[in-house]
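Asker: Need the 3D shape of this:
(2 chains)
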Amino acid sequence: MGDVLSDYHTGDAFDEMVDGEGSVRPSYQAVYSALSGSTSDDLRTIAESLANNYTQAGVTFDVGGVERPFPLDLVPRVIASPEWEIIESGVAQRVRALEAFLSDIYSDARVISDGVIPSKLITSSTHFHRAVWGIQPGNGVRIHVAGVDLIRNPSGEVRVLEDNVRVPSGVSYVMTNRNAMITVMPEAFANQRIRPVASYPTRLLTALRKAAPPGVDDPTVVVLTPGVFNSAYFEHTLLARTMGVELVEGRDLECRRGKVFMRTTAGLQRVDVIYRRVDDEFLDPVHFRSDSMLGVPGLVNAIRTGGVTLANAIGNGVADDKLVYTYVPDLIKYYLREEPIIANVDTWRLEDDEAREEVLDRLEDLVVKPVDGSGGKGIVIGPRATQSELDALRRQVSEDPRGWIAQPVVQLSTVPTLIEDGLKPRHVDLRPFTVNNGEDIWVLPGGLTRVALPEGELVVNSSQGGGSKDTWVLSPPPHRSVSHRGSTNHTDDADDRAPAPPPPRVPLTVAKIPMTVMPKFAETQQQEQDQQQQQDQRPATRRSPGC
Amino acid sequence: MLSRIAESMFWIGRYVERAEDTARLLQTHLRLIIEDTTAQVVDACRNLLALMSVDHVKDPDLTDLLRILGYDPSEPTSIYCCYASARDNARRAREVIPLDLWECVNATWHQLPTTPFGTTGAHVFLNWARERSAMFAGISRGIMVRDDGWQFMSMGRSLEQVDMTSRLVASASLTHGGTQWPAVLRGCGGHDAFLRTYGGLYTYREAAEFLIVDARFPRSIMHGLLAASDSLQKVALNNVVTARHAEPALRSLGQLRARLEYADLDELRANLNQEMSVVQDVVAQVSTAIATSYFAAQDPTAWTTEGTR
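Answerer: From the prediction side, this is the model:
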């Protein structure tokens, strides 16, 4: 019997499943025993079944207008309970700090007068929108949903790579990945407790309802999508479907007298909360791009007069700008008076003359990123760039130093991934999602693990040909009760955390009621059959009733 | 329900029904063309295509017929195109469609043929196309909530069935010889039921009656008209404020029902082509009326910039 890991060689990076000595880490034991007896044919069969499952169900994302099934790898990414508690509290801490930062920036901007950040940092950000200055959201929340990208460096430490507080996507795959994995790897689920992810839509809906404008008792929530050609359209439909709300496009909405309405077969219907998946620039042609077909004219005014709540708020992009990212540890200290729980990746600010000189000197060793890019666009990885790419980059950086940051090349951690017919190490990141309901910040257990499928590739974005893995957060051992968990517990109920104590055994008592059958059928059928056959065969030996 | 979603539901109903009916029409006529040794294949194909409002092919043969009504994605009348459009609309209305139904539509789309086939392969494909429609109907009937979405889908389905049955009935006058009515009845899956209802000794007069005005047969024109009216009335009932929006469509449907119900059957049969075009015209009118009342964006608001307010 071949061992699935017999040909598996870890590289320089930290491997999530196999340690330096080549033994399987404890958190991966259940996965290992579920897979260990498999031949490469078995693995291929599982992979095909996963792919068919997604094709049939239409779990896709669009690249340049073509729908593609989202590749899901069969080896999950497993996170042990103690480590998850650190990630959970670190991610929530970051979102708390960014909320405070946004609230400050769009009012008094004390953070600037107190000298924590230079004012130029804000005024030069393309995502700082004066149109929303002074708007106070109903329950104070601007970052209803966030996705914080984490990586693990070769020494095994988790670092924040970037924050996404505008319209983070990917959470739908967390839910569909789990559904698909349960069907193909039931043994691994049965042998340990994995924290469920299915409560996300309820959490989100609750948070959105709580964000409704004051005085609205039973708010109407909608999801606003750019439309069927958007790369994340599948996610928009899934969220609307699982929250049981309408999925609207800009053309379905209209603003009248500071309120927003949707056009229905029964006339206009008031909308109170919009979970929007349209970028700021396209939301309101009155204030932003006047050629936008995706937005709703008058939306910003409706938000300002309190007629509608937008989630996430407009102008959040100033907080996930990659240059602001370099200040987030300072922001955490300034607003929360806490030490950052998860550190940043070392980053050079290229505006700084000394840093720029140093970076330009060793461009071939570094990763350089545009500050307002997303989806892996515009990233240049020094060691793998050609000379002409580096020259072009050098020119761009010198022309617009505010537009770029540089980071050392971090070897992201690896997880075994099925490539052709064997498991090979491939680099992964992790995007946990948070939902802020105004009272506390809930972190979805796990998040989206993205995996770069080409060998050695470090950019894991799905629009760059990446795949994903199901992410399993293991439940703490049952003897630890929830109350011992300490300050990291931000949830108000424990439904999806620790396993509940087993319910008392009650003997099953049900009334036994026989199934109804067609009367007389059973008795007469044999007789009928006998007589009919008798007509043909006249068997002398048969006893014939009535003769 | 969102107007845009209602429109998608309406068209999902229409396209799935159209795919099935086109398959039935093709199966009926493939058989007739092959059985009828006297007929010119080119004429038969041209007439059949004209019936489906296709007139851009000169001297069509069986290959053209199969391509245009069957597998060519670039022909708007093809079964391929019907299922692709149904899937596109289902994707737009994804959040209101049950998962099973979506998977049925999506799987159908994935299984659509990508290569041409001849008359031998045609029956496999046409049977498949009918089965997918039956599966769609069964799943939707079995699990969909009877809300406005269901009503708009049924409305689309019923209207399409009226339209396509009228084309199938009109096609009975295309070929001459005695075989067309039984073939048309068989195409509707109603041959046996017809024999049982009218007895073995029937005339073509009764066959026309059965397919046009016998509301007991679910593929008859009358049944479709009644079903469409019924869906419209339920939508009106669910949305009391906008109940009057249903009136223009209901009126047209009622007038057509009266016209057919009280028509002299011999006259009807004598002017079959003309009468069936009336049916198709009314369906188009009703479709437009529904779109105006329920799907159209209400008076688009003009907006001015901040300074002029």
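Asker: end-to-end on stretch A:334-352?
Answerer: Stretch A:334-352 has its terminal residues 22 Å apart, counting by C-alpha to C-alpha, to the nearest Å.
Asker: Any buried residues in that stretch, and which?
Answerer: For stretch A:334-352, the neighbour count (16 or more other C-beta atoms under 10 Å in any protein chain shown) marks A:334-335, A:340-342, A:344-345, A:347-351 as buried. Backbone N, C-alpha and C define where each C-beta goes, glycine included.
Asker: could you give me the average pLDDT of that stretch?
Answerer: Mean pLDDT, stretch A:334-352: 93.
Asker: low pLDDT regions in the chain?
Answerer: As the question left the chain open, I've gone with chain A. Counting by pLDDT under 70, chain A has low-confidence residues at A:1-2, A:64-65, A:373-376, A:462-465, A:477-504, A:506-508, A:520-523, A:537-547.
Asker: I was after chain B.
Answerer: B:37-39, B:174-179, B:201-202, B:297-309.
Asker: Buried ones in stretch B:100-107, by neighbour count?
Answerer: Under 16+ other C-beta under 10 Å, the buried positions of stretch B:100-107 are B:101-102, B:104-107.
Asker: And the contacts of it?
Answerer: Residues outside stretch B:100-107 that contact it (C-beta atoms under 8 Å, 6 or more residues apart in numbering or on different chains): A:56-58, B:12, B:16, B:83, B:86-87, B:90, B:94, B:97, B:132, B:135-136, B:139-140, B:143-144.
Asker: Just the C-alpha atoms of that stretch, please, in CSV.
Answerer: The C-alpha coordinates for stretch B:100-107 follow below in CSV (Å, rounded to 0.1, in the frame of the first residue of the first chain):
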residue,chain,number,x,y,z
ASP,B,100,-32.6,21.5,-7.4
LEU,B,101,-34.3,23.5,-10.2
TRP,B,102,-31.2,25.5,-10.8
GLU,B,103,-29.0,22.4,-11.0
CYS,B,104,-31.5,20.9,-13.5
VAL,B,105,-31.3,24.0,-15.7
ASN,B,106,-27.5,24.2,-15.3
ALA,B,107,-26.9,20.6,-15.9
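Asker: ok, A:Val167 to A:Asp272 distance?
Answerer: 20 Å (C-beta to C-beta, to the nearest Å).
Asker: What of B:Met153?
Answerer: Taking C-beta to C-beta, one finds B:Met153 at 29 Å from A:Asp272.
Asker: which of these two has more neighbours?
Answerer: Between B:Met153 and A:Asp272, counted using other C-beta atoms under 10 Å in any protein chain shown, B:Met153 has the larger neighbour count: 28 against 23.
Asker: can I get the buried residues of stretch A:334-352 in CSV with distance to B:Ala6?
Answerer: Listed next are these as CSV, based on distance: C-beta to C-beta, whole Å:
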residue, distance to B:Ala6
A:Tyr334, 52
A:Tyr335, 48
A:Pro340, 51
A:Ile341, 49
A:Ile342, 48
A:Asn344, 49
A:Val345, 49
A:Thr347, 51
A:Trp348, 55
A:Arg349, 53
A:Leu350, 53
A:Glu351, 53
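Asker: tally of neighbours for residue 223?
Answerer: Here I'm looking at chain A. Neighbour count for A:Val223, taken as other C-beta under 10 Å: 25.
Asker: actually it's chain B I care about, not the one you picked
Answerer: 19.
Asker: Tell me if the helix or strand containing it is near chain A.
Answerer: In this structure, B:His223 sits in helix B:221-238 according to DSSP states H and E. Yes: for helix B:221-238 and chain A, the contact criterion (C-beta under 8 Å from any C-beta of the partner chain) is met by B:235, B:238.
Asker: Which positions in chain B make contact with chain A?
Answerer: Checking chain B against chain A by C-beta under 8 Å from any C-beta, the hits are B:1-6, B:88, B:91-92, B:94-96, B:99, B:102-103, B:106-107, B:110, B:148, B:152, B:235, B:238-239, B:241-242, B:294, B:297-298, B:301, B:303, B:305-306.
Asker: Go ahead and confirm B:Ser166 touches B:Val279.
Answerer: Yes: contact criterion C-beta atoms under 8 Å: B:Ser166 and B:Val279 qualify, at 4.0 Å.
Asker: Show me the common contact partners of those two, please.
Answerer: What both B:Ser166 and B:Val279 touch, as defined by C-beta under 8 Å, 6+ apart, is the set B:Ile221.
Asker: Look up how far chain B lies from A:Arg110.
Answerer: Using C-beta to the nearest C-beta, to the nearest Å, A:Arg110 is found at 29 Å from chain B.
Asker: which helices and strands sit right next to the longest helix along chain B?
Answerer: Taking DSSP state H as the criterion, chain B has its longest helix at helix B:3-35. Helices and strands touching helix B:3-35, by 3 or more C-beta pairs under 8 Å, 6 or more residues apart in numbering or on different chains; DSSP states H and E, are strand A:259-264, helix B:41-51, helix B:62-66, helix B:79-92, helix B:119-143, helix B:148-171, helix B:180-187.
Asker: and those, which is most packed in?
Answerer: For those, the largest average neighbour count (mean count of other C-beta atoms under 10 Å in any protein chain shown) is found in helix B:148-171, namely a mean of 25.
Asker: So which elements touch that helix?
Answerer: Counting contacts by 3+ C-beta pairs under 8 Å, 6+ apart, helix B:148-171 packs against helix B:3-35, helix B:41-51, helix B:119-143, helix B:180-187, helix B:204-212, helix B:221-238, helix B:272-290.
Asker: List the buried residues in the strand ranked longest in chain A.
Answerer: Counting by DSSP state E, the longest strand found in chain A is strand A:422-431. For strand A:422-431, burial by neighbour count (16+ other C-beta under 10 Å) applies to A:422-431.
Asker: Kindly report the same for stretch B:269-286.
Answerer: B:269, B:272, B:275-276, B:279-280, B:282-283, B:286.
Asker: Which of the residues you listed sits closest to chain A?
Answerer: Relative to chain A, the closest of the buried residues of stretch B:269-286 is B:Val286; by C-beta to the nearest C-beta it sits at 16.0 Å.
Asker: Could you pull out the helices in the stretch 101-250 of chain A for me?
Answerer: In order along the chain, the stretch 101-250 of chain A carries the following helices (DSSP state H, counting those that start in this stretch): A:110-113, A:119-123, A:171-184, A:186-190, A:200-210, A:233-243.
Asker: ranking these by burial, who's on top?
Answerer: Of all these, as judged by average neighbours under mean count of other C-beta under 10 Å, the leader is helix A:233-243 with a mean of 23.
Asker: Point out the other helices and strands that that helix packs with.
Answerer: Counting by 3+ C-beta pairs under 8 Å, 6+ apart, helix A:233-243 packs on strand A:60-63, helix A:171-184, helix A:200-210, strand A:221-224, strand A:246-248.
Asker: Chain B: which of the ones you listed is closest?
Answerer: strand A:246-248 (4.6 Å).
Asker: Ends of stretch A:432-449, what's the gap?
Answerer: Using C-alpha to C-alpha, one end of stretch A:432-449 lies 9 Å from the other.
Asker: now do stretch A:428-446
Answerer: End-to-end distance of stretch A:428-446 (C-alpha to C-alpha): 13 Å.
Asker: Just the CA atoms from stretch B:153-164 would do, formatted as CSV, please.
Answerer: Provided in CSV are the C-alpha atoms of stretch B:153-164 (Å, rounded to 0.1, in the frame of the first residue of the first chain):
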residue,chain,number,x,y,z
MET,B,153,-43.0,31.2,-14.7
SER,B,154,-46.3,29.4,-15.2
MET,B,155,-47.7,32.3,-17.1
GLY,B,156,-44.7,32.2,-19.5
ARG,B,157,-44.9,28.5,-19.8
SER,B,158,-48.7,28.6,-20.6
LEU,B,159,-48.4,31.4,-23.2
GLU,B,160,-45.5,29.6,-24.9
GLN,B,161,-47.5,26.4,-25.0
VAL,B,162,-50.4,28.2,-26.6
ASP,B,163,-48.1,29.8,-29.2
MET,B,164,-46.3,26.5,-30.0
